[in-house]
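Colleague: How does the following fold in three dimensions:
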Amino acid sequence: MKNSLTVAAIQMVSVLDWQKNLDTAQNLIQQAAEKGAELVVLPEFFIRIANTQDTEFANITETLGIGKIQSQLALIAKTNHIYLVAGTIPIKCPTGGKCYNTTLVYNPDGLLICHYHKIHLFKFQDHKYHFDESLTFQSGSDVVTFTINGFCFGLTICYDLRFPELFRRMAGVDAIILPAAFVHHTGQAHWEILLRARAIENQCYVIASGQGGMHENGRHTFGHSMIVDPWGTIKAVLADGEGVILSKMEKREIEQIRKRLPALEHRSL
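Modeller: Now for the predicted structure:
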């Protein structure tokens, strides 16, 4: 068991070409590893970002544990000797014509140790924007946590951020990971306050890795990838563009905050 762990969040401005995105991700992961990152998180849709009902997702959808994208991700994790949280790629759903929006977690040996299918599917509409992920994706159902080096992590994706009951089901974890592709419009209003709230409520770190910029298909994502500590303090942030942020998670910090303010013990519901 370790007392600290260096984590990194990668921010991208993904394009439509999945191989270009994977090459970009590989370069940024290498940068993070060279800076001492032990766990690296990629953003939602890092492999391809598009608008609702993207028919091209069918061409890169893979069976869980099998496929060229997953093989390359495993090799990247092994080559850089890191835990890699690759969120997200489309994974085949056993029923219907849809796929799951899935985060994959690899260990430093390149082995897939767990996965999470996004539970809450984004839907938003106003005079300018229209999104409905349910047209492309099937909702997952399982709450997923995993442990490395004595630190327990929970997995969430983007729109899940708006559902505190999901985070509460993971209460007691040391950190919650959130790959995201928040649209700029909603991100301006809610991104930071929700991330900090989830960290404060659950007295844990939140590692949020986002898409950040204007994409070639016209989609505009908010960026502001963040690592937030259990007190709600922003330890690192990247506003726009591609890049890497790092911070160190400390067991002692988690324990001291929970001891001084034992809110998790005081839950009555």
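
Colleague: all helices for the stretch 151-269 of the chain, in order.
Modeller: 164-168, 184-202, 251-260 (DSSP state H, counting those that start in this stretch).

Colleague: most neighbours per residue, which of these?
Modeller: Highest mean neighbour count of the helices of the stretch 151-269 of the chain: helix 184-202, a mean of 18 (counted as mean count of other C-beta atoms under 10 Å). The C-beta positions use only the backbone N, C-alpha and C, and glycine is treated the same way.

Colleague: how far out from the middle of the chain is it?
Modeller: 14 Å (C-alpha atoms, centre = their mean, to the nearest Å).

Colleague: Which pLDDT value does the model give Asn51?
Modeller: Listed pLDDT for Asn51 reads 64.

Colleague: which residue ranges form the strands in the chain?
Modeller: Here the chain has its strands, by DSSP state E, at 4-11, 39-41, 83-92, 99-106, 112-117, 123-125, 130-132, 145-148, 151-155, 175-179, 205-209, 225-228, 234-238, 243-250.

Colleague: phi, psi of the nearest residue to His215 once chain neighbours are set aside?
Modeller: Computed as C-beta to C-beta, 6 or more residues apart in numbering, the closest residue to His215 that is not its neighbour in sequence is Ile49, at 5.5 Å. The phi/psi pair for Ile49 (degrees, to the nearest 10) reads phi -120, psi 130.

Colleague: how about Ile49, what does it touch?
Modeller: The contact partners of Ile49, taken as C-beta atoms under 8 Å, 6 or more residues apart in numbering, are Ser14, Val15, Leu16, Ala181, Gln211, His215, Asn217, Arg219, Thr221.

Colleague: so the fifth one touches Gln11, yeah?
Modeller: Yes. The criterion here is C-beta atoms under 8 Å, and Gln211 meets it with Gln11 at 7.2 Å.

Colleague: Buried residues in stretch 147-158, which are they?
Modeller: By 16 or more other C-beta atoms under 10 Å, the buried positions in stretch 147-158 come out as Ile148, Phe151, Phe153, Gly154, Leu155, Thr156, Ile157, Cys158.

Colleague: Name the nearest residue to the last one, ignoring sequence neighbours.
Modeller: In other words, Cys158. Ala180 (4.1 Å).

Colleague: The third one now?
Modeller: Using C-beta to C-beta, 6+ apart and skipping the chain neighbours, the partner closest in space to Phe153 is Ala175 (5.1 Å).

Colleague: now the fourth one
Modeller: Leaving aside its chain neighbours, Gly154 sits nearest to Met170 (3.6 Å; criterion: C-beta to C-beta, 6+ apart).

Colleague: Can you check the pLDDT for that neighbour?
Modeller: 97.

Colleague: In contact with it: list those residues for me.
Modeller: The neighbours of Met170, taking C-beta under 8 Å, 6+ apart as the test, are Val143, Thr145, Gly154, Ile176, Asn202.

Colleague: on that earlier part again, now a PyMOL select for only the buried ones of the contacts of Ile49.
Modeller: Only the buried entries of those go into this PyMOL selection, using 16+ other C-beta under 10 Å:
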select buried, resi 14+181+211+215+219+221
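
Colleague: wait, isn't Tyr159 in contact with Phe131?
Modeller: No. Using C-beta under 8 Å, Tyr159 makes no contact with Phe131, being 9.6 Å away.

Colleague: neighbour count winner among those two?
Modeller: Ranked by neighbour count (other C-beta atoms under 10 Å), Tyr159 and Phe131 place Tyr159 first, with 22 against 18.

Colleague: so what's Asn21 closest to, chain neighbours aside?
Modeller: Computed as C-beta to C-beta, 6+ apart, the closest residue to Asn21 that is not its neighbour in sequence is Ser14, at 4.8 Å.
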